[in-house]
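Peer 1: Pasting a predicted model and its sequence here:
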Amino acid sequence: MKEEKKEVQVPVKQTKQGSSMVIVVCVAAFFLAFALAMVYTAGMLLSRANRRLEQERSYQLAQSFARVLDEELKRYDSTSSAPADSFYRYVYQFLEGMYGEYDPEHPDETVFHYTAANPAGLPQDYGSVQVALYKEIKTDAEETMSGTLPGNANPTAVLADGLLRYSFTVEVTARRNNDSFCYRTEYHQKAVYAVTFRHKGRVIAWNEADQKWHQTSVDGPEYTDWTGEEITYEYDPTSIQECFFENAYPPAQTISGKGGSRNA
């Protein structure tokens with residue numbers, strides 16, 4: 001005898017309940033994944049925002065410190081008027097001293113640091129500041145340290161005009177946590193040097209009060225022997241009467257940091 005097979009029928013209601021459960025689980029998994037993705041994205045955005053904030057703080061610190069140094073350089077016109085511990089006097093000694101000219105192949109030996117850049121007593125989260133300087137001598141600097149004038153000429157221009165003998169860069173690097181920014185400003189030094197005039201080998205001096213040449217000094221007898229040769233003059237690099245610092249490129253300050261550089 002053949003056995004009869006009986007088909008087991010699942011109620012339609014139970015089947016629908018099973019399908020609904022699967023859909024619910026899938027939707028819940030989707031929303032969970034979406035929520036995790038949103039949390040991850042928010043964390044990344046927050047991290048980047050914090051990083052950008054730290055970079056901006058480093059930039060602001062470097063920029064503000066560079067401006068303070070710039071004001072210090074523009075405040076005085078000679079070492080006699082500048083305090084001994086001023087940045088002006090430090091730069092003056094740096095340029096006129098025995099410090100070497102900048103060599104890109106040997107930066108460690110030709111870049112010098114202003115050690116008074118980080119004063120004590122600043123808040124712990126203020127950040128650190130380093131100031132480096134390097135200089136270059138103008139290509140025609142030595143040639144302009146002497147010259148000639150026509151006999152009995154007025155030397156006012158020679159006496160008054162300063163010489164652009166050096167150019168130099170002030171580099172301010174500000175660091176906060178793991179971020180840093182570097183703010184560079186280029187300057188020219190304009191110096192008025194003491195000058196010695198000679199005519200036919202004899203020292204003569206110009207008296208601005210009476211607009212005449214005198215023998216040896218401004219108080220000496222009037223000099224009248226103008227036959228023959230031109231007046232020669234020579235600046236004394238060891239005797240500066242006035243010293244000014246001018247921006248080489250006023251509109252453009254170079255700023256660089258992690259991730260690239262930009263202009264202010």
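Peer 2: Perfect, I can see it now. What you are looking at is a predicted structure, and each value in this text was computed from that prediction instead of being measured.

Peer 1: How many residues are close by Ser86?
Peer 2: Per other C-beta atoms under 10 Å, the neighbour tally for Ser86 reads 17. Placement of C-beta: from N, CA and C, glycine included.

Peer 1: okay, now the closest residue to it other than its chain neighbours: neighbour count?
Peer 2: Of all residues not flanking Ser86 in the chain, Glu72 sits nearest, at 6.3 Å (C-beta to C-beta, 6 or more residues apart in numbering). Using other C-beta under 10 Å, Glu72 has 18 other residues around it.

Peer 1: Could you give the bridge partners of His199?
Peer 2: Counting by DSSP bridges, His199 is bridged to Arg202, Ile231.

Peer 1: Surely it touches Asp225?
Peer 2: Yes: contact criterion C-beta atoms under 8 Å: His199 and Asp225 qualify, at 7.4 Å.

Peer 1: Which one's more surrounded, these two?
Peer 2: Set His199 next to Asp225 and count neighbours by other C-beta under 10 Å: His199 wins out with 21 against 13.

Peer 1: Identify the residues contacting that one.
Peer 2: Shown in contact with His199 (C-beta atoms under 8 Å, 6 or more residues apart in numbering): 151, 213, 223, 225-226, 229-232.

Peer 1: thinking again about what came up before, just checking, next helix/strand downstream of the helix or strand harbouring the residue nearest to Ser86?
Peer 2: Using DSSP states H and E, Glu72 falls within helix 12-75. Moving toward the C-terminus from helix 12-75, the next helix or strand (DSSP H and E) is helix 87-96.

Peer 1: Mean confidence (pLDDT) on that following helix, please.
Peer 2: Taken as a whole, helix 87-96 carries a mean pLDDT of 89.

Peer 1: What is the helix or strand following it packed up against?
Peer 2: Note on helix 87-96: by DSSP H and E, the next helix or strand toward the C-terminus is helix 107-110. Helix 107-110 sits against no helix or strand, with contacts defined as 3 or more C-beta pairs under 8 Å, 6 or more residues apart in numbering; DSSP states H and E.
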